[in-house]
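> What follows is a predicted structure for the sequence shown.
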Number of protein chains: 2
Amino acid sequence: MEPGDAARLGPGRAARAPPPRLLLLPLLPLLLGRGLRVAASASSGAAAEDSSAMEELATEKEAEESHRQDSVSLLTFILLLTLTILTIWLFKHRRVRFLHETGLAMIYGLIVGVILRYGTPATSGHDKSLSCTQEDRAFSTLLVNVSGKFFEYTLKGEISPGKINSVEQNDMLRKVTFDPEVFFNILLPPIIFHAGYSLKKRHFFRNLGSILAYAFLGTAVSCFIIGNLMYGVVKLMKLVGQLSDKFYYTDCLFFGAIISATDPVTVLAIFNELHADVDLYALLFGESVLNDAVAIVLSSSIVAYQPAGLNTHAFDAAAFFKSVGIFLGIFSGSFTMGAVTGVVTALVTKFTKLHCFPLLETALFFLMSWSTFLLAEACGFTGVVAVLFCGITQAHYTYNNLSVESRSRTKQLFEVLHFLAENFIFSYMGLALFTFQKHVFSPVFIIGAFVAIFLGRAAHIYPLSFFLNLGRRHKIGWNFQHMMMFSGLRGAMAFALAIRDTASYARQMMFTTTLLIVFFTVWVIGGGTTPMLSWLNIRVGVDPDQDPPPNNDSFQVLQGDGPDSARGNRTKQESAWLFRLWYSFDHNYLKPILTHSGPPLTTTLPAWCGLLARCLTSPQVYDNQEPLREEDSDFILTEGDLTLTYGDSTVTANGSSGSHTASTSLEGSRRTKSSSEEVLDRALGIGDQPVSSRGTRLVFPLEDNA
Amino acid sequence: MEPGDAARLGPGRAARAPPPRLLLLPLLPLLLGRGLRVAASASSGAAAEDSSAMEELATEKEAEESHRQDSVSLLTFILLLTLTILTIWLFKHRRVRFLHETGLAMIYGLIVGVILRYGTPATSGHDKSLSCTQEDRAFSTLLVNVSGKFFEYTLKGEISPGKINSVEQNDMLRKVTFDPEVFFNILLPPIIFHAGYSLKKRHFFRNLGSILAYAFLGTAVSCFIIGNLMYGVVKLMKLVGQLSDKFYYTDCLFFGAIISATDPVTVLAIFNELHADVDLYALLFGESVLNDAVAIVLSSSIVAYQPAGLNTHAFDAAAFFKSVGIFLGIFSGSFTMGAVTGVVTALVTKFTKLHCFPLLETALFFLMSWSTFLLAEACGFTGVVAVLFCGITQAHYTYNNLSVESRSRTKQLFEVLHFLAENFIFSYMGLALFTFQKHVFSPVFIIGAFVAIFLGRAAHIYPLSFFLNLGRRHKIGWNFQHMMMFSGLRGAMAFALAIRDTASYARQMMFTTTLLIVFFTVWVIGGGTTPMLSWLNIRVGVDPDQDPPPNNDSFQVLQGDGPDSARGNRTKQESAWLFRLWYSFDHNYLKPILTHSGPPLTTTLPAWCGLLARCLTSPQVYDNQEPLREEDSDFILTEGDLTLTYGDSTVTANGSSGSHTASTSLEGSRRTKSSSEEVLDRALGIGDQPVSSRGTRLVFPLEDNA
C-alpha cells in the first residue's frame, strides 16, 4: 500500500457525491422535501413588477426548454426499448440464438450513443453559472439573495476546479446521463426481487449447499484473486509509466468485488429455451442471484475497510475484522429484513380473506415487498439484498396464500418490471460507452482485468467443485464445471456497482473496464452458449419437472449423456443434516403457521400450546376435501409431505392426482415403510423419483419400478 | 379587475417554482443530468486531506441521516396504504358501503397528519443555510467556492424574506411534503390512462353526445359561474375586511376551473357494486373522465390569459381569444398525440406476431402508452390529457390485437397502478390538512365556495339536461338529473390542480378550500349514495350487458322504475348523423386497418386501391373459422357488425353463441331486412334489443319478440 491510501479512501468515497447517500433513493429527492417553497412577496412598485415579470418569463422559458429536452431524452430511451422489443420479437420469431435481447439492447444503445456523441452540436450556454465564494464548508442548502429576493439552492455535487468549464457541455449528452443511484434504487430492486420470486425452488434447494458455497466462498475467493492480480497489474503499470494517478490496493479489491458479481442472464435464457439440465441451471442461477448480494455487501465492506491512523497503510487487523463484521452485519441484517417482511405478508394474507379481492391482495403484496427495500435502507442495511430474500420468502410462503389470480398478477407484474429494468440497464450500458464523459481507457488494465477474471473464475469454480464433489453424492461433472466456468458473464450488477462511484481516476478506469467486460462477455459468451452446450455434451430438452429424463426423450437431445445419468449417484445430493433440520422445522412449524398447508400445528406442537396451535392452524389444513390452491409446483417445495408424514402417500403411474387409488395403495405403503431419510429425500424431490406434488398428495410415476 | 392584476399573473405564475416546468416530469430531475459530477482533485498535503476527510465524513453522516428520514417518511405512506387496504378488505368483507376506500384513506391520512404535526418534535438544525449575495437574477445552477473546492448547487425555489426562518422547520413534516408536480406527472397519468382504458365503450358511445356536452359546455359553464360567484364573495370579503392579500378575477376563474373537475370515484364504485343503471353510470363516468381533461386545459388557458399592457385589467378581447386559441390548441394537440400513439401501437401489434410473446407485448404496450405522455410534454401539450385519449384508442383498437394473456396483463397492470395512485393521493390529502404549512382558512370563502359549487353544478346539469332532452330520444329523467347533481364530487384532479401552485395567498386559500370540499363531498356524498339511489328510484341490480332488464330481476331492485322503461323512447338515443358517419368510417376503414376485425378492406375500399387494401387487411378477417379473440364485449363496440354487413346475423333466444342455428335463421333474415338505420342502431347496441356480440355473430335474445 501507498502513503495516502487510507486518507484517499475518505475523500474518494465522499467525492462521488457530496451527500453520498442523499440520492440513495432517487425517488425521494423528487418526491419529498420540496413542499416548503414559499411565495415570493410581490414587490409593490409597478416598475419593479414589470421587470421581475420579464425576468421570470425568461426563466420560465428556459425551464420549459429544459423540460422539453428532458422529455426528449426519456423518449430516446423508450424508443430504444421499443426497438429492442421489436427486434427481440423478430429474433424469437426466427429462432435466432446467437444474440440475446440484452446484447441487442446494448448494440442499439451503442448506436444511439454514437449518434448523440457525434451527431448533436455541443451546445453550451443554457446552464448559467455563477461563482460565489463561501467559507467553512459546503452546506446542503443555500439561500441566495438576488436583488432583495431569496432563492433556495440544493447541493448537487462537487466539481473539480479543472472541470468547471466542462459542466457546460453538450446538453443532450448531459440529459441522457442518469444519476448512478437510479440503477441501484429503481432498476435493480425489481430485477433482484423477480430473481428471488421466480426461483425454481425445488432445484434450488436440492443444490443449496453447493450454491451457497459458490456464492459465498467462491465470490470471496474470486474477489481476492482478482484484487491481487489487479494489484500486480497496477504495479506493472506504474513501472512502465502507464498510470497517471493513484490506484490503491483497496481499489483493486473493490474492483475484485464488483466484477465478481456474475449475471449469466444470456446463458440462463438459452438454458430456459433449450430446456437444458435443471441442476446446472439451478447451480448457475442460484449462484448468480446470491453472489450479486455477496458482491454488494463485499464492496461496501471493502469501502469501510479503513485502517486506524490515516497514514498507516499496513495491514490493520482491527480494520479487517471491522470489515468482516460489517459484512456479516449488513448481510444478516438485510437477510432478516427481507425475511421478516415476507413472513409478515404471509401472515397477513393467511389470516385475512384478502384473496377474495385479488386487486387488494396484489397491491398489498407490492407494497409490502417495496417496504422491505425502504425498511432496510432506513435501518442502514442494503435494500437490494433485503429485496432478494423478501422475494424468496414471498415465493416460499406468501405465494401459497394468494388467490390464483393474484399469483399470476404478481408474477406478471414483476416479470414486466424486471424485463423493462433489465433491458433499460443494458441499453444504457451501450449508450454509456459513448456518452459517459469520464472514460479512462487503459489497455494494460483492461487486458489484465480479462486475464484476472478468467483466472479468478477458474480458481473459484474448479477447486470449489472438487471440494463439493467430495461431499456431493451426485458429483458436479467436468462438463458442468466447464460450463460454469464459461458462464461467468458480468452484467447489470457489476455495472451498477461500478457506475455508483466514478469520482476518482481509479474508479473511472474500473468503470470503463467493467463496461468492456460486460460487452465482451454478453456478446461472445452469450453467442457461444449453444455451441458450448453441444460441445460439452450437456443435456438439453429436459422437462424441469421430469428429471432424469427417459432415454427416448421427446425433446431434442444434442448429445446423450449416458454415463452421467448414473442414477444411484444422484439419489441423495445435498442432504446435509443441517439442511434436513431446517427442512423439518420449516415443514412442521413455519409452513403451517404462515400458510394454509402443512400438517396441522395441533399435531406438531407440544400439547401445552394447544390453544395457540389451534388459533394459528388454518382450517383448510384439516379440510382435506379442499385441494390447496396449487398451480406451479416449482414454486412450492412440497405440499405433498403432509401426506408423507401421515403415511398415506398415493402413487399413480400417470402422474394424475389419484386420491387413494386402490391399485397403488400397496405401492404407497411399501414406500412409507422405507427409511425416514429416504422419505424426506423424496418429499424434497431429491430422490431418484421425479416427484410432482398435486394438492396434498405425492404422486410418483411408476415407470422405473416397472 | 384590479390594477396590478395582469402584472401579478406573471410573477405569481413564476413564483410557484422558479423553473416552473423544470419539475413537470419529476422523474427526470432524478433520472437525468446528474452525470456530470466530476471528481474532486485531491489536495496534495496530508494535513489538508485529513481535515477534508473529516469534513466529508460529517457531510456523509448528515446525508445518511437525511436518507434514513426519507426512507422512514416513504415507509409512513406505505404503512398508510397497507392499513387502508386491510380496512378496505374488512369493509368489503362486511359489505360496509357508507365509507369508500378513498374516504378511508383520507381518514388514515388525517390521523397520521395529526400525529406528525403534534407528535414529533419541531427539530430545526440539520438544514444548514448560508446567505450569499448575488446580483442580477437567479440562475438555475450555482457554483460555490468553498475554501478552494467547487460545489454545484441547483435552484430549488424562491423564498419570501419573511419565511426564511420557517425553512428550517419540522424535518418530518417537510419530508412528507411532496413536490406538487409528482401528483401531476406520476400519480395522475396511471389513473387517467386506466379511466380511458377501462371505459365501458358501448354505453359510453351511445351517450357520447350528452357526455361531450356535459364535459365541455357544462364544465365551461360551471367554471364561469363558480368564478363569478367567487369574485362576488371576494368582493364581499374585501368589504368586511376579511381579505388580507390580493385576489384577482382571474384567480376566481382559475378556482372555477380547478373545482369544476368532478371525480365521482365513490359514487361510481357504489354504482358498480350495486349494478346501478348503466346509462347513468356512463353519463357520470364519461363526464368525469372528460371534464378532468377539460379542467386541466381550461386552467392553463386561464393562466395564459394575460391582457396586453401590464396595467390594464379591463377585458381584453385579444387576450381572451388567445386563451380560447390556447385551449383549443392544447386540447386538440393532446388529443392528437394520444390518438396517434394508440394508432401506432395498434399497427405494431397488428403487423407483428408479437402476441406470441405476451411479455414483449405488454412491455411494448406500457412503453408506447408512457411515450404518449412524454411526447405530449415534449411538444408543449398536456401529457395527462394525451394519456386519456391514448387509453381510449388503445382500448378501441390495440386491445383487439393483443393476445388473451396480454389483455388481462395490461388491464391488471394499469388496475394496480391506478389503485395505488388513487389511494395514495387520497391519503396524502388527509395528511396534507395537517402537514401542509401554508393553509389559509377563510370561513367566508369556504362557505361561499360550497354555495358556488352547488349553484355551478345546478346551472351545469339542469339546463344542459333540458337542452339535451330536446334532442335525445331517451330522455334523461329527473331522477337521473338529481343523481348527477348529487354526484358532483371533487377528488384527485381538483387536488392536483390546486396543489400545483400554492405560491400566492389567493392560491393558498383556494388549496385549503379545495381540500375541504374534497373531504366533505367524498365523505358526505359518498356515504349518501346508497340512500340517494333508493330515494330517487334509480334502478340497481342491472346487468350491464342486459339492459333494459326483465321486470322480474334476479338482482335486488331498490324500487322499480316502471314509466322510465318506456322502451320506444330509448330506441335511438344519440344517433346523430355525425356520430353515424364516424361510426361507419371507423367500422369500414379504421378497424380493418388497425385491428384483425371488421370487414375486409378489399370490400370497403374503392377498387383502385386493391393492392393497398390487400396488404392492410389481416388474413384473420377472411378467416371466418377462427373466432376473433374476444372476451370483454364492453371493450369492443361491436365485432358482430361484420356479420351484419354480410347479412347473415344469427339470433338466438338464450344469448349463447349459436352458429347458424336453423330455428333462428328466419328471425335473422327478418332483422336483416329492416332499415339500415335500425341495423346500425342494433350493431351499436343502441337499439331496444340488448345486443351482445360473440365472435363474429350478433346474438339477439328473443324474449321481447315472444
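Alright, I've got the coordinates.
> CA atoms for contacts and neighbours, from now on please.
OK.
> Low-confidence regions, the stretch 151-300 of chain A specifically.
A:151-172, A:174 (pLDDT under 70).
> Show me where it has its strands.
Read by DSSP state E, counting those that start in this stretch, the stretch 151-300 of chain A holds no strands at all.
> Okay, the residue lying closest to A:Gly491 once chain neighbours are set aside and A:Trp478: tell me how far apart.
Distance criterion Cα to Cα, 6 or more residues apart in numbering or on different chains; nearest residue to A:Gly491, sequence neighbours excluded, is A:Asp263 at 5.0 Å. A:Asp263 sits 21 Å away from A:Trp478, going by Cα to Cα, to the nearest Å.
> Between these two, tell me which one has more neighbours.
Neighbour tally, A:Asp263 and A:Trp478, criterion other Cα atoms under 10 Å in any protein chain shown: the higher count belongs to A:Asp263, 26 against 13.
> Please name the residues that touch the more buried one.
A:Ser288, A:Val289, A:Asp292, A:Gly488, A:Leu489, A:Arg490, A:Gly491, A:Ala492, A:Met493 (Cα atoms under 8 Å, 6 or more residues apart in numbering or on different chains).
> Let me have these in CSV, adding neighbour count as columns.
As requested, the contacts of A:Asp263 are arranged in CSV below (neighbours: other Cα atoms under 10 Å in any protein chain shown):
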residue, neighbour count
A:Ser288, 27
A:Val289, 23
A:Asp292, 27
A:Gly488, 24
A:Leu489, 29
A:Arg490, 27
A:Gly491, 27
A:Ala492, 28
A:Met493, 26
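> what's the burial count for A:Ala421?
The number of residues packed near A:Ala421 is 20, by other Cα under 10 Å.
> wait, A:Leu611
When neighbours are counted by other Cα under 10 Å, A:Leu611 registers 10.
> What of A:Asp245?
Residues near A:Asp245, counting by other Cα under 10 Å, number 10.
> Surely it and A:Arg507 touch.
No - in terms of Cα atoms under 8 Å, A:Asp245 does not count as a neighbour of A:Arg507; the distance is 10.9 Å.
> for the stretch 51-200 of chain A, what spans make up the helices?
For the stretch 51-200 of chain A, helices defined by DSSP state H, counting those that start in this stretch occupy the ranges A:101-119, A:171-175, A:180-182, A:188-197.
> For chain B, which of these is the nearest?
helix A:171-175 (4.7 Å; Cα to the nearest Cα).
> Which elements pack onto whichever strand or helix holds A:Leu420?
Using DSSP states H and E, A:Leu420 sits in helix A:404-435. With contacts defined as 3 or more Cα pairs under 8 Å, 6 or more residues apart in numbering or on different chains; DSSP states H and E, helix A:404-435 has these neighbours: helix A:46-93, helix A:101-119, helix A:188-197, helix A:358-378, helix A:492-499, helix A:505-520, helix B:358-378, helix B:404-435.
> what do you get if the cut-off is 7 Å, keeping everything else the same?
Packed against helix A:404-435 by the contact rule (3 or more Cα pairs under 7 Å, 6 or more residues apart in numbering or on different chains; DSSP states H and E) you find helix A:101-119, helix A:188-197, helix A:358-378, helix B:358-378, helix B:404-435.
> what residues does the second one touch?
Contacting residues not belonging to helix A:188-197 are listed as A:289, A:384, A:387-389, A:391-392, A:394-395, A:414-415, A:417-418, A:421-422 [Cα atoms under 7 Å, 6 or more residues apart in numbering or on different chains].
> now do stretch A:441-461
Here stretch A:441-461 has contacts from A:218, A:221-222, A:225-226, A:229-230, A:233, A:481, A:485, A:488, A:509, A:512-513, using Cα under 7 Å, 6+ apart.
> Mind putting those into a markdown table with distance to chain B?
Shown next, in a markdown table, are these (distance: Cα to the nearest Cα, whole Å):
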| residue | distance to chain B |
| --- | --- |
| A:Gly218 | 31 |
| A:Val221 | 31 |
| A:Ser222 | 29 |
| A:Ile225 | 28 |
| A:Ile226 | 25 |
| A:Leu229 | 26 |
| A:Met230 | 23 |
| A:Val233 | 23 |
| A:Gln481 | 33 |
| A:Met485 | 31 |
| A:Gly488 | 27 |
| A:Met509 | 13 |
| A:Thr512 | 15 |
| A:Thr513 | 18 |
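> Which members of those define the maximum pairwise distance?
Spatial extent of the contacts of stretch A:441-461 (Cα to Cα) is set by the pair A:Gln481 and A:Met509 at 31.2 Å.
> and the two? which has more neighbours close in?
Neighbour comparison, A:Gln481 and A:Met509: the larger count goes to A:Met509, with 22 against 19 (by other Cα under 10 Å).
> quick one: buried residues of the strand or helix carrying A:Val324?
Following DSSP H and E, the helix or strand that holds A:Val324 is helix A:317-351. Residues of helix A:317-351 classed as buried by neighbour count (16 or more other Cα atoms under 10 Å in any protein chain shown): A:319-320, A:322-324, A:326-327, A:330-331, A:333-343, A:345-350.
> low-scoring pLDDT stretches of the stretch 301-450 of chain A, where are they?
Across the stretch 301-450 of chain A, the ranges flagged by pLDDT under 70 are A:306-315.
> give me the residue from it nearest chain B.
Going by Cα to the nearest Cα, chain B is nearest to A:Ala378 of the stretch 301-450 of chain A, at 4.4 Å.
> what does stretch A:75-92 rub up against?
The contact list for stretch A:75-92, computed with Cα under 7 Å, 6+ apart, reads A:Glu101, A:Leu104, A:Ala105, A:Tyr108, A:Asn423, A:Phe424, B:Leu354, B:Leu360, B:Leu364, B:Leu367, B:Ser371, B:Leu374.
> Specify which member of the residues you listed is nearest to B:Phe183.
B:Leu374 (15.6 Å).
> Quick one: residues contacting the closest one.
A:Ser71, A:Leu75, B:Gly383 are the contacts of B:Leu374 under Cα under 7 Å, 6+ apart.
> same question, A:Gly232
Per Cα under 7 Å, 6+ apart, neighbours of A:Gly232: none.
> how much space between A:Ala452 and A:Asn291?
Counting by Cα to Cα, the gap from A:Ala452 to A:Asn291 is 18 Å.
> How about A:Thr435?
A:Thr435 is 29 Å from A:Asn291, by Cα to Cα.
> thought A:Ala613 was touching A:Thr602?
Yes - A:Ala613 lies in contact with A:Thr602 (Cα atoms under 7 Å); the separation is 5.2 Å.
> Pick out the residue in the stretch 451-600 of chain A sitting closest to chain B.
Nearest residue of the stretch 451-600 of chain A to chain B, counting by Cα to the nearest Cα: A:Ala503, 4.3 Å away.
> That residue - how many residues pack around it?
A:Ala503: 25 neighbours (other Cα under 10 Å).
> And it, its phi and psi?
Per-residue torsions, A:Ala503: phi -80, psi -40 (degrees, to the nearest 10).
> how big is the angle separating the helix holding A:Val324 from helix A:358-378?
160 degrees (axes from the mean of the first three to the mean of the last three Cα atoms, to 10 degrees).
> between the contacts of stretch A:441-461, which has the most around it?
Neighbour-wise, these (other Cα under 10 Å) top out at A:Ile226, 31 neighbours.
> if we can go back for a sec, near chain B at all, the helix holding A:Val324?
No - looking at helix A:317-351 against chain B by Cα under 7 Å from any Cα of the partner chain, there are no contacts, and the closest approach is 8.8 Å.
> Which strands or helices does that helix pack on?
With contacts defined as 3+ Cα pairs under 7 Å, 6+ apart, helix A:317-351 has these neighbours: helix A:278-304, helix A:358-378, helix A:383-393, helix A:591-594.
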